[in-house]
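[1] kindly generate the corresponding structure for this input.
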Amino acid sequence: MRNACKILFCILVIAGTALIYAWPRLKMGLASSAHYTQQDIQKYDYYTPDILKNMPRISARYEFDYANISGPASAFIFTIKFYGTRETDKINLYLDSTGYKKQATCFVEAVCWQGHDPKEVITVGDSSDPDTVAVSVIQR
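    Below you'll find the model as predicted:
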């Protein structure tokens, strides 16, 4: 009986430790949205696709967003927003150099880029109030 209690206690300690370690990642996996910076290392590593991680930083201030849109038009949307600029030349050159092709039309008021994955579209849009550039990766 005493050995059984010790074994049960060890199992509970191991399970509790595993849950404590895995909880932040599990919580991120269940989130419907997130707003973070590159300094939020766990969120940055978990949510940010490589194409945005390697994106040229066109301003000193930038932030990231993630959204999980559910329903009939479900999609994952990963966005980097650059503040204090409307210049998109470096981003366009980067996307072109990584194999993305600029599309003739776009479903939003932006420039759409298509890569090899037909379920993924990248949009590059700018705004003048305030000066902002948003690059979004939309995965359907």
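[2] next secondary structure after the helix or strand of the chain with the lowest mean pLDDT?
    Ranked by mean pLDDT, DSSP states H and E, the helix or strand of the chain with the weakest confidence is helix 2-30, at a mean of 71. Next along the chain after helix 2-30, taking DSSP states H and E as the criterion, comes strand 33-36.
[3] give the pairing partners of that next one; include direction for each.
    Using DSSP bridges, the neighbouring strands of strand 33-36 in the sheet come out as strand 61-69 (antiparallel).
[4] hmm, Gly115 and Lys102 touching each other?
    No. If you go by C-beta atoms under 8 Å, Lys102 and Gly115 don't touch, sitting 11.3 Å apart. Where C-beta positions appear, they are placed from N, C-alpha and C, glycine not excepted.
[5] quick check: can you list the domain ranges of the chain?
    When the chain is parsed into structural domains using automatic domain parsing, the resulting residue ranges are 1-30, 35-139.
[6] for the ones you listed, which one ends up most surrounded?
    Per-residue neighbour counts averaged over each of the domains of the chain give the maximum for domain 35-139, namely a mean of 15 (mean count of other C-beta atoms under 10 Å).
[7] next one: it to chain centre, how far?
    For domain 35-139, the distance between its averaged C-alpha position and the chain's averaged C-alpha position is 9 Å (C-alpha atoms, centre = their mean, to the nearest Å).
[8] does Val121 lie in a helix or a strand, and which?
    Take DSSP H and E as the rule and Val121 turns out to sit in strand 120-128.
[9] what's that strand packed up against?
    In this structure, strand 120-128 makes packing contacts with helix 89-97, strand 111-114, strand 131-139, judged by 3 or more C-beta pairs under 8 Å, 6 or more residues apart in numbering; DSSP states H and E.
[10] let me see the contact set for the nearest residue to Ile69 once chain neighbours are set aside.
    The spatial neighbour of Ile69 that comes closest, neighbours along the chain excluded (C-beta to C-beta, 6 or more residues apart in numbering), is Ala75 at 4.8 Å. By C-beta atoms under 8 Å, 6 or more residues apart in numbering, the residues touching Ala75 are 69, 138-140.
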